[in-house]
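K.L.:
Test case, fold it:
(4 chains)
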Amino acid sequence: MQRYSGFGLVKHALSHHENWQRQWRNPTPKKQYDVIIVGGGGHGLATAYYLAKEFGVTNVAVIEKGWLGGGNTARNTTIVRSNYLWDEAAALYEHAMKLWEGLSQDLNYNVMFSQRGVLNLGHTLQDMRDIQRRVNANRLNGIDGEVLDAKGVQELVPIMDCSKNARYPVLGASWQPRAGVARHDAVAWGYARGADALGVDILQQTEVTGFKIRDGQIYGVHTNRGDIEAKTVGCVAAGNSGVLAKMAGFKLPLESHPLQALVSEPIKPILDTVVMSNHVHGYVSQSDKGDLVIGAGIDGYNGYGQRGSYPTVEHTLQAIVEMFPIFSRVRMNRQWGGIVDTCPDACPILSKTPVKGLFFNCGWGTGGFKATPGSGHVFAASLAKGEMHPIAEPFSMFRFHSGALIDEHGAAGVAH
Amino acid sequence: MFYIYCPYCGEHREEEEFHPKGQAHIERPKDPEACSDEAWGDYLFFRDNPRGVHHELWVHAVGCRKFFNVTRHTVTYEILETYKMGEQPSITADAQGQPREAVAASRQEGVRA
Amino acid sequence: MSNAATFDTRTDSAIPVESPLAYSYRRSGAPAAGPESRVTLRERALLGQLVLRGGAIVLDEAVREVLGLGLPGEPQGLVQDERGERSIQWLSPDEWLVIVPGGEEFELETRLRERLGDAHYAISDVSGGQTLLELEGEAARELLMKTVIYDVHPSHFPVGRGVTTVFAKATAIVRRPSEERWELVVRRSFADYCYRWLLDAGEEYAIGVVR
Amino acid sequence: MSQSKKQVHRLAKGGRIDRSRTLSFTFNGQSYQGHPGDTLASALLANGVDIVNRSFKYSRPRGIVAAGAEEPNAIVQLGSTEAAQVPNVRATQQALFAGLTARSTNGWPNVQRDLMGLFGKLGGKFMPPGFYYKTFMAPASLWMTYERYIRKAAGLGRSPMEADPDTYDHLHQHCDVLVVGGGAAGLAAALAAARSSARVIVADEQEEMGGSLLDSRETLDGKPADQWVAQVVKELAGYDNVTLLPRTTANGYHDHHFVTLHERRTEHLGETAPLVKGRRQVRARMHRVRAGQVILATGAHERPLVYAGNDVPGNMLAGAVSTYIRRYGVAPGHKLVLTTSNDYGYRAALDWKEAGREVVAIVDARQSPAGDWVEAARAQGIKIITGSAVIEAKGGSRVSAARVAKIDIDAFQVSGPAQELACDTIASSGGYSPVIHLASHTGARPTWRDDILGFVPSLVKGVHACGGANGTYALGEVLAEGVEAGIKAAAVTGHAAPAVSLPQVKALKQGPAAPLFQVPHEKPTLRAPKQFVDLQNDVTAAGIELATREGFESIEHVKRYTAMGFGTDQGKLGNINGMAIAARCLGRPIPEVGTTVFRPNYTPVTFGAIVGRHCRDLFDPERYTALHQWHVEHGAEFEDVGQWKRPWYYPQTVNGKVETLHEAVARECSAVREKVGILDASTLGKIDIQGPDAREFLARVYTNKWEKLAVGKCRYGLMCKDDGMVTDDGVTSCLADNHFLMTTTTGGAAAILEWLELWHQTEWPELDVYFSSVTDHWATMTITGPEARKLLAEITDIDLDKESFKFMEWRAGKVAGVPARVYRISFTGELTFEINVQANYAMHVWQTLFKHGEKYGLTPYGTETMHVLRAEKGFIIVGQDTDGSVTPEDLGMQWCVGYDKPFSWIGKRALTRSDTKRENRKQLVGLKPKDPKVVLEEGAQIVFDPKHAIPMPMAGHVTSSYYSPTLDSGFALAVVKGGHQKMGETVYLPMADGQTHEAKIVSPIFYDPKGERQNV
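P.N.:
Numbering: from 1, shown residues only, chains lettered A, B, ... in the order given. All right, here's what the predicted structure looks like:
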């Protein structure tokens, strides 16, 4: 792998950038792999990378029906935080956070992880109770965070309307300084380049059309480029997980919904942190290019169309202008939608399935991007060993039978 | 944004008047106590979530407050038919039957009063 | 008489009573209508309002007999008596809104219950829970277009129609009892919001409030 | 401010401007003049302003390139005052008005002499696409510092720092036929549809309808094109069934023909909306259009050719040159070189020549061009150099020469020596790209057509494309397509259109265009001077080539790696060129590289216009009870509960000092416990339930039993979802055998009514029962405390004797002369009467209670006191003491669960799942802090072992916690793992400040455990 560095950049500039190598190969599928990952988004590529790097499993194929990183990895609003309420979720997201903190160096690819902090605003007394509960739990779980009052919020974000005149005045917030944003595309590309260099075959434009199952054990997949065999298959296909599960003969407790986001035109830097509000229902950060990156909740209906309904966008911008009246004359440039697979308890599924050797990693809902490294790492460990990693264990799909849900709706009330 | 034919109001109305309520035709088991945990979990949580033709329950929340069913394509978002509670769809992923009459009206393009 | 409790909520006229907009007038004032006003707003407060639920055939016979008005035959229908004082509006296949002059509602409910006997139906008095606002003037329709998502074009919303629809971020019933007049039925707790919305959206038409 | 400059490039005649009036404006502090009818761009060009901005990445000087929505460079900051600032206004779309104040968005210290430009020149080499992914990684700790500097370069314009003085609104429109675009195709379509009597809306983004006809060289029926426009617009304006919306851009095409139209109502008049007769006008209006059929007549955008130095000011689109000359009377230079791949480009040279300026040469990439316009140019004696292209523009702040050479398109190389032609303007035309943005929004993927070298829209049902949007460019065909679309669309909506006779248009002979996108240079792309593809984001052909080399093979990857098309122009000029370049690099045909997917908005839209009136006081409804006025007048602080404003507490001023929350609540609590308090409880949801099966229905939706509740009695009920988790609670009263009044939580009212309907309509339609909301009909006033009976007795005819009107009963009678239902239920643990009257009488009753209550110490109390009092009694608040993961058994409320009811009520089955019957579930208990002065933090986490290392196992948390004046101690409700079995045990609460509180697990009932006080 060609190492990236500032020095290298200068060297390449002097040779007119003619000597840059491909960041990943475009290999021909082999007949057989040790592990097949279905889905070449951030989570799938991270899984492959850690399989190869941490668990020595390098005979791995990542099968992607479109272009790598072309799904939700490319469509989210890039927020990374780990201040989840329940122990199980907090452990998973904090595991990811720790990996984020060294990710650029690990991958030799700058994913621009920027720990500019995330504020979760409280506008009602119950919001504040929930915030206190969550921050207290975070602290005892070793996750950074503090509770701010309205004055503290105002000091951090002077341009926000923290006055009592607001329809729902800001009463305070939770503040996680280590949280922030990252460059979403770079995460997929960095993992792809890293995995490729370790020998993983990334098969783009390859679509899984069925599973090869014998006696309840998986032994491969059918694709539009022929059959490929493996005794371990991990599906990491986000919104399309339900479709894959159906091919394998079972259902999942999932619904795929449209999730919309939008950006303003680029403006000069004015907002240094991520501001989220469940109550007025919107969140915003400003990218390094100057765009205000804005999102809100999911649309209520099932949808694979990568678009949602316009009123969701209207409500979101109403929320943003309510929090930031000065943005009224700023202009919205672009909106788009992703497909998020949501679980009834707003927590993911990392699980064995009724088919032996077939594992699913899905149901991340609106919280997938921030978990990418952690999800990939614990899923890789599970695939390598055939047993779920302890951090992944509580996220079994069978919890929906026993009732052991991990209800993170409070933390996930707004998409992020 | 959808334009939904309410089978009770007999006309198309804006999506903002409706709430989606998930997959249609999920029946509560008649004898819950006889259900295994697995069966009960399936009823509560497990869904078809198809990429394609989907039967779903909606309520005309700001309107007649009636629940009804919608057959909708989850990729194109085209509404193929709407039908009242207690009725069965005429269009399914397997069999694309002839929509019933009232439904035909809902499918017409550019329906105006 | 069915097994339901009826309750006459009204009392003698000496006791002060406040319409849902009482607070709004004090808070936001009421701009007078003038020659420039292209739309006027008037609250018809304290009317009698009943929600009827049941089968159409049974209820139709009863209201014809008791009120002299039949149920509207079609969804979104609105029928009224000759003077426009009493009306019945379709709300859903088994639900109608009856509006009568204030004070008539209890007697009406009682007579309907007598007439309906053991049939399965429900009558709920909601007179205190909603109020009726009238809009008149050449800009009334455009003001409604700013406000409700339902198509209020005359070709789509002829006289004799009434719908429940989205009013800004609340809900309202919109009715068209005559060529010139539109009616809004709004819930009491949302009335101030609706009033402030109409004044704000109507400003460019010099909206006036008739009291 | 300096003296106004002369309009050096303004032609003596021509253009659709009003030369009788002069408008002054300033740009970068310099004063200039223009005329009504100008855009800011045409006025700047008229005044000879070459550099309007600096580029984003390399800080290169940039001039105006286009004349419309596709302009990438002329992005300015508008506004003379802070509040009126608007960032990123496209000068080509901003009508000039008197006093307009604009600045360049980039450039330091100014746009003419920019120091960053030097950095761009030197550093540009080191900033290939994706360079930031490859560096700034070491040391890790420094990234935030690097980023701080990167961020300094971010953004175009800036946000205002003051609130917007303007207002915006929405108009909900419905029509049969929406025509997007008021050019030749759109007007023809509109005319046809309008004559059918269909309801038609025509939206056009420009200041006036007409599109390219406003600067066309062609004639219709022998008359100038704009005369036909005027005649059609006049006819359309005369129809009642037609709404004409100029200055209105269709920005988003959503499902089922829902289109948003952004109408700029006052932006052409001033920087803030003017007053008309003293009344505010809205600055912009969003038309939310539900259309039956949509006709896309959005035209086409000209593609520039990609050659070296193509960003130097003076490089323009050929069509834009024509537009500035013919529509605005501005020739933006003196000596023109035109480089083109097609016949259409020739119009610029003909117009330039007619304007009396010098055409140095037309450079045509084709070997033997031969259309009518080519012949017209030849006839004018214009020099035509064929088989060639401008391969490089020379110049710094303005074009000084064009290097022209023979090229071989197929081999992608320069095939002859270059000559340098002195000029100040280079116009280029690489053909046209249909404007397919709106069709893309619907999810339909466009189709590539080799014959027109462009994508045409694929159409979902009900959408029609005509004219340029459909890849049809010859005027006669455009008009015919428009009429056909209009007739067809109207017909589908049930309106037959009469025939429309088309105006006579001379058919022009056209030669085929050459497939030229990037022009080859003598040097390979990576070594050639920069050839810009996306001017706004500084994306070059070399950048795209590099991306493909590095393995970015789909156009989506290329766009993301290079940022191509992510600017505020969304790649209107560059995307197709970029795809063509990527295709060339990959050796694949263009459609295989991918299609280009556009997303809303077509052009940027002010947040305010999307928000409309839903801001400030109207952001969200505030729901008030009938007593709100009183609460306001008595100084209540309010708590938001759902959309309701509920009195939180009533601070009194004592000795000139306003009480704190704590002081007020202590006083209010004592009043209730010792005398009598009053609460406005009107916000509780109230559902009128009638029907012979009402009782059975209640038994199915509540966890407890209802079959024996007698008329006149009330009962508390708990509601679960079918997962067994508590979702609501409240008291339901039996009014008559078949008649019940259910109360719900304040926040749950609407959801519970829908919940009941859901079960009735979908699962149990056979049950004869109806539900109606009567929440707003009744006002509810709760008087509670030892003196409550005495107070009420003074003003009611109801027999309040404790034997005849028992706890958990209701009675009807008069209170203060008003018919009332009085419920003897209690949420405080004290003797309580809930007085319900029709809401319009509430104020009278409330005030009468105070008139009589003074002697009893009647004290109004708010939600905070209510919470303290109910917590002392161990009464839960759903949503505070529960969180969707709590069962009735977790709450210790087995007394409220009818295990043996015949019907398996909602939630019952779930209670026996393996996880719900687990023993160490979190269970509701009371907590008594060891130190009575301590009020535990709500949300504090509970541990058994405070010495455990982090992560410390947590056993639960505090759900409610208050100071109790009655107990003179802090106390709390909490959920604790296995808490019901741990009575008397000690738990610990380690806090953020380092303190660890100690508390004892106790019964959640702290006060009057036998319930004697409410029974008195």
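
K.L.:
Tell me the residues of chain A that contact chain B?
P.N.:
Proximity of chain A to chain B is confined to A:240, A:242-243, A:246, A:251-256, A:300-305, A:307, A:309-311, A:341, A:344, A:400-403 under the rule CB under 8 Å from any CB of the partner chain. C-beta here means a position set from N, CA and C on the backbone, and glycine is covered the same way.

K.L.:
how's chain A carved up into domains?
P.N.:
Here chain A is described, according to the TED database, as comprising the domains A:28-78+A:184-254+A:345-412, A:114-178+A:255-341.

K.L.:
and if you look at chain D?
P.N.:
According to automatic domain parsing, chain D is divided into the following domains: D:1-163, D:167-300+D:435-492, D:304-430, D:523-610, D:628-683+D:778-870, D:685-773, D:918-1016.

K.L.:
now the last one: mean pLDDT?
P.N.:
This points to domain D:918-1016. Rounded to a whole number, the mean pLDDT of domain D:918-1016 is 97.

K.L.:
Could you confirm whether that domain reaches chain A?
P.N.:
Yes: with CB under 8 Å from any CB as the criterion, chain A is reached by domain D:918-1016 at D:937-941, D:943, D:950-952, D:954, D:957, D:959, D:990-992.

K.L.:
Which helix or strand contains the residue positioned nearest the centre of chain C?
P.N.:
Chain C has C:V185 as the residue nearest its centroid, 4.0 Å off, counting by CA atoms, centre = their mean. Under the criterion DSSP states H and E, the helix or strand holding C:V185 is strand C:181-187.

K.L.:
Give me the residues contacting that strand.
P.N.:
With CB atoms under 8 Å, 6 or more residues apart in numbering or on different chains as the test, strand C:181-187 has contacts from C:20, C:49, C:97, C:99, C:129-136, C:140-141, C:144, C:152, C:162, C:167, C:170-177, C:194, D:776.

K.L.:
What pairs with that strand, parallel or antiparallel?
P.N.:
Applying DSSP bridges, strand C:181-187 is found paired with strand C:130-136 (antiparallel), strand C:170-176 (antiparallel).

K.L.:
Skipping adjacent residues, who's closest to the residue of chain B found nearest chain C in space?
P.N.:
Closest to chain C within chain B is B:C64: 3.5 Å, counting by CB to the nearest CB. Leaving aside its sequence neighbours, B:C64 sits nearest to C:S92 (CB to CB, 6 or more residues apart in numbering or on different chains; 3.5 Å).

K.L.:
and the residue in the stretch 851-1000 of chain D that chain B sits nearest to, how many neighbours does it have?
P.N.:
Taking CB to the nearest CB, chain B has its nearest neighbour within the stretch 851-1000 of chain D at D:R909, 3.7 Å off. Using other CB atoms under 10 Å in any protein chain shown, D:R909 has 25 other residues around it.

K.L.:
just checking, it touches B:A34?
P.N.:
No: because the distance of 9.3 Å does not satisfy CB atoms under 8 Å, D:R909 is recorded as not touching B:A34.

K.L.:
Skipping its backbone neighbours, what lies nearest D:G107 in space?
P.N.:
That would be D:R54: by CB to CB, 6+ apart, it lies 4.2 Å from D:G107.

K.L.:
you'd agree that neighbour is up against D:Q112?
P.N.:
No: the criterion here is CB under 8 Å, and D:R54 misses it with D:Q112 at 9.6 Å.

K.L.:
And these two? Which one has more around it.
P.N.:
When neighbours are counted by other CB under 10 Å, D:R54 and D:Q112 differ, and D:R54 comes out ahead with 23 against 14.

K.L.:
if I look at that one, how far off is D:G157?
P.N.:
According to CB to CB, to the nearest Å, D:R54 and D:G157 sit 13 Å apart.

K.L.:
So for the closest residue to chain A within chain C, what's the pLDDT?
P.N.:
Using CB to the nearest CB, the single residue of chain C nearest to chain A is C:K169, 9.0 Å away. Reading off the confidence values, C:K169 has pLDDT 97.

K.L.:
how does chain C divide into domains?
P.N.:
Taking automatic domain parsing as the reference, chain C has its domains at C:22-46+C:129-211, C:47-126.

K.L.:
which one of those domains is the most hemmed in?
P.N.:
Ranked by mean neighbour count, the domains of chain C are led by domain C:22-46+C:129-211 with a mean of 20 (mean count of other CB atoms under 10 Å in any protein chain shown).

K.L.:
Tell me how far that one lies from the chain's centre.
P.N.:
When C-alpha coordinates are averaged (CA atoms, centre = their mean, to the nearest Å), domain C:22-46+C:129-211 and its chain have centres 11 Å apart.

K.L.:
Ends of it, what's the gap?
P.N.:
End-to-end distance of domain C:22-46+C:129-211 (CA to CA, to the nearest Å): 11 Å.

K.L.:
Please name whichever of the strands paired with strand C:181-187 is nearest to D:V86.
P.N.:
Across these, the minimum distance to D:V86, taken as CB to CB, is reached by strand C:170-176, at 31.6 Å.

K.L.:
Helix, strand or coil: sort out the closest residue to D:A626 other than its chain neighbours for me.
P.N.:
Of all residues beyond its chain neighbours, the one nearest D:A626 is D:A842 (3.9 Å), with distances taken as CB to CB, 6+ apart. At D:A842, secondary structure determined by DSSP: H, G, I helix; E, B strand; the rest coil is helix.

K.L.:
So for D:A842, what's the pLDDT?
P.N.:
98.

K.L.:
which ones are touching it?
P.N.:
If a contact means CB under 8 Å, 6+ apart, then D:A842 has C:E18, D:T625, D:A626, D:L627, D:S682, D:A779, D:M781 as its contacts.

K.L.:
The first one: what secondary structure?
P.N.:
In the three-state summary, C:E18 is assigned as coil, counting by three-state DSSP.

K.L.:
so it sits right up against D:V837, yeah?
P.N.:
No: with contacts defined as CB under 8 Å, C:E18 does not count as touching D:V837, sitting 11.7 Å away.

K.L.:
Looking at these two, which is more packed in?
P.N.:
In terms of neighbours (other CB under 10 Å), D:V837 is the more surrounded of C:E18 and D:V837; the figures are 27 against 18.

K.L.:
Surely that one is in a strand?
P.N.:
Yes: if the criterion is three-state DSSP, then D:V837 is within a strand.
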